[in-house]
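> Need the 3D shape of this:
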Amino acid sequence: MALAIMCSGGDAPGMNPAIKKFVDYAFKRGQKHYFIHHGLEGMIDGEITEASHSDVAGILHRGGAIIRSSRSKRFFEYEYRKQAFENLKKYDITGLVVLGGDGSFRAMQRFSEEFPLNFVGIPTTIDNDIYGTDYCLGVDTALNVIRDALDKIRDTASTFDRAFVVEVMGRECGYLAVVSALASGAEICIIPEADFNIKVAEKQLLEEVAGGRGYILAVVAEGTGKTAEIAEWLESTIGLETRVSILGHIQRGGNPTVTDRLMAFEFVIHAIDHLLHSRDANKVVYYRDGAYGLMEIDDVVSHTYTIDSELLSAINLID
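This next block holds a predicted model:
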């Protein structure tokens, strides 16, 4: 069989280490291997090239993805999915490694139901919101980017006696916000999964400000849509001059951490081994309770990820 690798959806640090390991390990296993450039769009348009060691030399430390990624509206239409499959057939590609998130896996689930293709998904999203795995590729790097920003913002907040509201990524999942708030000692954390008791927080913060507290750090997940609201509340009610910092896409970039590089290696090895040893593919690699395994794609896309209750308790969001 020939193998191919593709990135789909939002980029995440760790994609390049995964791409390099794919080339190195497929070569070691004696398998012909290809890149699909620009994700699903590239599959539709036939942007497929044979991969070599020279393509991946010196990319371990780089963020982003050398083979690029995309989101594709065309892939929702059968005629374009058929065109994509015909392109794979030209190169005898029967095994595909997909670096992506929930949307990418849903697309591949449908694709594999319609055409004889085996794929293994590697959970790759800084939101860490894929069901069934404790860890998604890119999360550690993103958390370290946020941690660095929050540490620096706290420096200026304490110097000027200000409140800072820092918005981090996370449309429907507050994982980044929760872990970042814990790691930075933020006084406030706002996420989609839990209600923020503003009355209780108001009473406590007013007492602390009256007792000498000079600054406040609030971490808000973008999906809550409450960044401006919290900033207004801190300034008008708590009485601290307030600034807003939206970290945005810097969270997606940067040199992958050691953790993300090593996780990328293990995810890819498990994906390729499964494609080579089993016809029962169409799986997603997971990392759970310190071990790697594979789960059915149907289980992944039919369930919703939820943040561990212990994390929520640690940030005092629930009783």
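> quick one: residue 303 and residue 257, what's the gap?
28 Å (CB to CB, to the nearest Å). (C-beta placed from N, C-alpha, C; glycine too.)
> Which one's more surrounded, these two?
Between residue 303 and residue 257, counted using other CB atoms under 10 Å, the more crowded position is residue 257 (19 against 12).
> Return the residues in contact with the more buried one.
13, 140, 141, 144 (CB atoms under 8 Å, 6 or more residues apart in numbering).
> now those residues in TSV, with secondary structure and distance to residue 67?
Converted to TSV, the contacts of residue 257 look like this (DSSP: H, G, I helix; E, B strand; the rest coil; distance: CB to CB, whole Å):
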residue	secondary structure	distance to residue 67
13	coil	15
140	helix	22
141	helix	19
144	helix	24
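> most surrounded residue in these?
Most neighbours among the contacts of residue 257, by other CB under 10 Å: residue 13, with 30 neighbours.
> Setting aside sequence neighbours, what's the nearest residue to that residue?
Take residue 13 and drop its neighbours on the chain: the residue closest to it by CB to CB, 6 or more residues apart in numbering is residue 141, 3.5 Å away.
> and the one you found, what is it in contact with?
12, 13, 14, 63, 126, 254, 255, 256, 257, 259, 260.
> Dump the helix or strand containing the last one to CSV, keeping only the CA atoms.
In this case it means residue 260. Under the criterion of DSSP states H and E, residue 260 resides in helix 258-277. Only the C-alpha atoms of helix 258-277 are listed here, as CSV (Å, rounded to 0.1, in the frame of the first residue of the first chain):
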residue,chain,number,x,y,z
VAL,A,258,9.4,18.9,23.6
THR,A,259,6.1,17.4,24.7
ASP,A,260,4.4,18.2,21.4
ARG,A,261,7.3,16.8,19.4
LEU,A,262,7.3,13.6,21.3
MET,A,263,3.5,13.3,21.2
ALA,A,264,3.6,13.8,17.5
PHE,A,265,6.1,10.9,17.1
GLU,A,266,4.0,8.5,19.1
PHE,A,267,0.8,9.4,17.5
VAL,A,268,2.2,8.9,14.0
ILE,A,269,3.9,5.6,14.9
HIS,A,270,0.6,4.2,16.2
ALA,A,271,-1.3,5.5,13.2
ILE,A,272,1.1,3.9,10.6
ASP,A,273,1.4,0.6,12.5
HIS,A,274,-2.4,0.3,12.6
LEU,A,275,-2.7,1.1,8.9
LEU,A,276,-0.1,-1.6,8.1
HIS,A,277,-1.3,-4.3,10.4
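> From residue 250, how far off is the residue nearest to residue 13?
Distance from residue 141 to residue 250, by CB to CB: 11 Å.
> what does residue 102 give?
According to CB to CB, residue 102 and residue 250 sit 23 Å apart.
> same check, this time on residue 91
Separation of residue 91 from residue 250 (CB to CB): 36 Å.
> And residue 239, by the same measure?
Distance, residue 239 to residue 250, using CB to CB: 31 Å.
> next SSE after the longest strand belonging to the chain?
Ranked by residue count and defined by DSSP state E, the top strand of the chain is strand 93-100. Sequence order places helix 102-114 as the next helix or strand after strand 93-100, per DSSP H and E.
> which residues sit against the host helix or strand of residue 299?
Using DSSP H and E, residue 299 maps to helix 297-302. Helix 297-302 is contacted by residues 102, 105-106, 108-109, 112, 121, 130-132, 282-284 when judged by CB under 8 Å, 6+ apart.
> Residue 102 and residue 250: who's more crowded?
Shown here are residue 102 and residue 250; by other CB under 10 Å, residue 102 has more neighbours (21 against 14).
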